Structures are given as structure tokens and as C-alpha cells.
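Participant: just need the structure, nothing else, for what follows:
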Amino acid sequence: MSTVTMLNMAGQEAGTIELKDEIFGIEPNQNAVHAVIKNILANKRQGTQSAKTRSEVRGGGRKPFRQKGTGRHRQGSSTDPTQVGGGIVFAPKPRSYRYTVPKKLRRLAMLSMLSSKAQENELIVMDEISFEQPKTKEMVKMLENVKAGKKALIVTAEKDENVVKSAANIPGVRTALVGTMNVYEIINHNSLILTKDAVAKIEEVYA
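Facilitator: Model (predicted):
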């Protein structure tokens, strides 16, 4: 186990916490991370693109010009893909890009990212994060105190509306629960901020 110093909201030391090596100390598997991120991005695609094929465009009921004597190529329909306003060859149609990856692969990718953040000193563990009321200014001050990067992901064990609303208007800062965080969000932020309770829940879920 590795020992990490916990911080309070003022950026001061608030004790230490031991992180399990099987969760925060493995050798990151970049292939697993790439596969899972690719899957997350594919599942986010709407797949609503659409264009009309030759059979769907309007027109085509009569021959656009006579067969001979015009000096032009012969053409039998204005819906032909070679004509202006004609159909599209192999036109894209609405489809789903969604697919699944094995549960073990998703788990390996998550452990790889948690370990990577710990090894690169981009993991910040806090004793607690709490606000009496939503205050963006207080959240900005806390992030400055703990020296978080411009883009920070704050993960808590339970949902706290005051924390969520305090971070909502800060560019580059997002909040998530242990059960909703994903590999893409972790890699897309400079700092990963975990509360003590969040660490305990992560170790419980991924043990």
C-alpha cells in the first residue's frame, strides 16, 4: 500500500490515507484505456446523419433532355447521382454506433487510469468537501488551495447538491459520483480529486 497525504479545503494537511496497490498501484494498460475510451465516444454518437438516395429524391419522371443532338452525354433521369440535385451514392442513414466491451476490460481500464493519476501526482485526496450553500467563489478558492489543475474532476461518494452547484459554472471543472465516473472523464482532466469516502467506496467496488 502507498501512503498519501490528505488535504482539507484550506489546502492544509489533514492526515494520511493508505491506497491499495491493486487499485492505485498497478501498471497502466494503455490498450485497455484506448479501447474503453473509443467505446465511450462511439456510444455518445447520435447517428442521426441522413441523405437521400436516388430513389428518394424528387423528380426523375421524365428524360431531362433528348438523347441526341445536344452535344451532352445521354441521361435518362434527373435523379442520377451524377446530376445536380440527384441522389447520393451509398447515402448515410440513421444508425446506432453503440457496442459493448467486456466488463473485465472496463475494470482494467478504470484501474489503469486511477493508478496513472496516482503515479503522475495528479491525484488529490481530501478529507471532505462540503459547503453550507452553493458558492462558486468558495469552490474556486478550494481548488486554488489544493493546487488543482485548470481541468479538475471532483469525485464524491454521495451526491451533494451544494458541491455540484458550486462547481457547475467553473470552466473545466466537473463533478461525478464513484458510480458514474468513467475513464474518458478521468483522462480528460488534469487533476482527479477524491474525498476520503470516495476512496473507500472505490476500493470497495473494485476490490
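
Participant: and the helices in the protein?
Facilitator: Taking DSSP state H, the helices of the chain run over residues 21-24, 30-44, 103-119, 136-145, 161-167, 183-187, 196-206.

Participant: out of those, which gets nearest to residue 80?
Facilitator: helix 30-44 (34.3 Å; Cβ to Cβ). The C-beta positions use only the backbone N, C-alpha and C, and glycine is treated the same way.

Participant: any idea of the mean pLDDT in that closest one?
Facilitator: For helix 30-44, the mean pLDDT works out to 96.

Participant: so what does that helix touch, helix or strand wise?
Facilitator: helix 103-119, helix 183-187 (3 or more Cβ pairs under 8 Å, 6 or more residues apart in numbering; DSSP states H and E).

Participant: relative to residue 68, which of the ones you listed is closest?
Facilitator: Across the helices and strands packed on helix 30-44, residue 68 has its closest neighbour in helix 183-187 (61.1 Å, Cβ to Cβ).

Participant: okay, the helices of the chain in CSV with mean neighbour count and distance to residue 97 next?
Facilitator: Listed next are those as CSV, based on neighbours: other Cβ atoms under 10 Å; distance: least, Cβ to Cβ, whole Å:
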stretch, mean neighbour count, distance to residue 97
helix 21-24, 17, 31
helix 30-44, 16, 5
helix 103-119, 19, 18
helix 136-145, 16, 35
helix 161-167, 18, 29
helix 183-187, 20, 15
helix 196-206, 17, 28
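
Participant: contact partners for the residue nearest the centre of the chain?
Facilitator: Centroid-nearest residue in the chain, with Cα atoms, centre = their mean: residue 184, separated by 3.9 Å. Applying Cβ atoms under 8 Å, 6 or more residues apart in numbering to residue 184 gives the contacts 36-37, 40-41.

Participant: can you rerun that using 7 Å?
Facilitator: Contacts for residue 184 (Cβ atoms under 7 Å, 6 or more residues apart in numbering) come out as 37, 40-41.

Participant: also residue 93?
Facilitator: Counting by Cβ under 7 Å, 6+ apart, residue 93 touches residue 50.

Participant: and the pLDDT at it?
Facilitator: According to the prediction, residue 93 has pLDDT 95.

Participant: ditto for the one 3 residues further on
Facilitator: Turning to residue 96, the model gives it a pLDDT of 96.

Participant: who's in contact with it?
Facilitator: Taking Cβ under 7 Å, 6+ apart, we find residue 96 in contact with residue 47.

Participant: got phi/psi on it?
Facilitator: Dihedral pair for residue 96: phi -100, psi 130, per degrees, to the nearest 10.

Participant: most distant residue from the centre of the chain?
Facilitator: Using Cα atoms, centre = their mean, the residue of the chain lying farthest from its centre is residue 69. It sits 60.7 Å away.
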